[in-house]
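>>> only geometry, no sequence info:
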């Protein structure tokens, strides 16, 4: 379990993280969203014990990161932003080093390393110096290091950054597989990722939490949520007048040559009413489609509005 | 202890993963040989000891040791690996001592490779090998002090070149305050007590005793204290600067 307890970090120029509190239970995958420079990485650095908070604290499985940093570090697998790794080492040497520091030796270390290598598909580059590896492979080395000790808590700062679409898919599958018995935080600015792996999403802007909920709840905040898009055969303007009379429709936009988008008042479902009105007035439609909110819209709305 | 050793091993592997280690060793040996034979009047003195060899060690270290210590922390910070390193379950003292010991062991390997010098002197005459051993020990202790200073300065900057130059400058001060030229200058207008304190702060003063074969406890305490002090300062610097 991860608890962020009023974490605050002030730098001389700015307040990077401003009183952030949240809890991530076992089995939860928290997506940490926010524009660049909003304080995502700083928050993660404080939870992992790399950076001391100005005030507040974080706890991992009940251990306070300020009072028992080593206990926290033992329980956390952390992929720092950009997956830093010693360039002159090979992935094999790096994983052996981390296994040693994590207290494994001999057979157990071998098994742990083999497992992490298999999960991140690193076997082909194990003996190459890390500086010669592609960004994708370097990232997977960082990921392997974070998974090595099968930690209770995983904190991954942009885990799919620099990966190709196939690799992204694999990493997401990996996160989903592991999510059952771990608490996971991933930061990302790829919003599709949130829907794909996260059970909960927090959006932060200027160091504060501006939104917290399941990806569905977040998407529902989109002004387009539950809107209906239709393509009419002809007489679009006539149809528009008829449909605008429906009280549940808060507005209509033109889409392309013959499409209309009906915005739902208060994001309530309107497709049934719209369907009924279309039939009553014998308006022929070629296509009818219910929109679900886009996280992008919500992201822009909450991070720019604040 | 275990973690310290693991860090030590990783760092040592790091030295030998690149040509840096080999270049360093070759240059150290070439310089120390040149200084001993051409400037130290090794043969002309007609004495069976290694005084001409050891007297140049402070100056050799001044130029070469900062080249080892400059990367200790500066490189970790520049490349961001410090974030990986400092979020592993390892304490700050373990990390700092492990790194310092690795640099020290590497220096010890380099110094031990000057053994042909010792063979030569034993072939040419009958030196007091106890004195030579004491001098080697003293030289190693002094190298440890140089490295501790270098470690601290490396933790203050992300730039290895800056770390090198500042370390060399600080070490220069620690050496030069023990030379007769500087001491006589100070002696002209400072009370004798103060001059003696300045002389006692210098590596040269303490190393001179040891290299003559006098293993005085005060000299050992001096070098060990310098190492402890600068490693403690390294801890403060790493803690303060690691994330910036």
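Here it is on my side, so go on. This is a predicted model, so every value here is computed, not measured.

>>> For the closest residue to chain A within chain B, the count of nearby residues, please.
Nearest residue of chain B to chain A: residue B:80, at 3.7 Å (CB to the nearest CB). Every residue, glycine included, has its C-beta placed from N, CA and C. Residue B:80: 15 surrounding residues under other CB atoms under 10 Å in any protein chain shown.

>>> Check the one 4 residues further on too.
Taking other CB under 10 Å as the criterion, the count of residues near residue B:84 is 23.

>>> and what of the one 4 residues further on?
For residue B:88, the number of neighbouring residues by other CB under 10 Å comes to 21.

>>> where's the residue in chain A that chain B sits nearest to relative to residue B:81, distance?
Closest to chain B within chain A is residue A:84: 3.7 Å, counting by CB to the nearest CB. Distance, residue A:84 to residue B:81, by CB to CB, to the nearest Å: 5 Å.

>>> Need phi/psi at the closest residue in space to residue B:37 that isn't next to it in sequence.
Distances taken as CB to CB, 6 or more residues apart in numbering or on different chains place residue B:43 nearest to residue B:37, at 7.5 Å, with adjacent residues excluded. Per-residue torsions, residue B:43: phi -80, psi -40 (degrees, to the nearest 10).

>>> Now do the buried residues in the lowest-mean-pLDDT helix or strand in chain B.
The weakest-scoring helix or strand in chain B, judged by mean pLDDT, DSSP states H and E, is helix B:180-189 (a mean of 79). Of all the residues in helix B:180-189, those buried under the rule 16 or more other CB atoms under 10 Å in any protein chain shown are B:182-183, B:186-187.

>>> Next: stretch B:164-179.
For stretch B:164-179, by 16+ other CB under 10 Å, it's B:164, B:166-168, B:170-171, B:174-178.

>>> Would you mind listing where chain B has pLDDT under the threshold?
Counting by pLDDT under 70, the ranges of chain B that qualify are B:46, B:48.

>>> how about a cut-off of 90?
Scanning chain B with the threshold set as pLDDT under 90 gives B:1-2, B:14-21, B:32-58, B:116-135, B:175-220, B:240-244.

>>> isn't residue B:32 right up against residue B:52?
No: counting by CB atoms under 8 Å, residue B:32 does not reach residue B:52; the two are 10.4 Å apart.

>>> same for the helix or strand harbouring residue A:217, what does it pack against?
Residue A:217 belongs to helix A:215-220 when assigned by DSSP states H and E. On a contact count with 3 or more CB pairs under 8 Å, 6 or more residues apart in numbering or on different chains; DSSP states H and E, helix A:215-220 meets helix A:191-197, strand A:200-205, helix A:295-305.

>>> Let me see the ranges of the helices in chain B.
Assigned by DSSP state H, the helices in chain B fall at B:2-17, B:20-34, B:51-54, B:57-69, B:71-79, B:81-86, B:92-112, B:115-124, B:129-154, B:160-176, B:180-189, B:192-200, B:203-211, B:217-241.

>>> ok, and what's touching the second one?
The reference is to helix B:20-34. B:15-16, B:53, B:56-57, B:60, B:63-64, B:67-68, B:106, B:109-110, B:113-114, B:117 (CB atoms under 8 Å, 6 or more residues apart in numbering or on different chains).

>>> now it against helix B:92-112, angle please.
Using axes from the mean of the first three to the mean of the last three CA atoms, to 10 degrees, one finds that helix B:20-34 and helix B:92-112 are set 50 degrees apart in direction.
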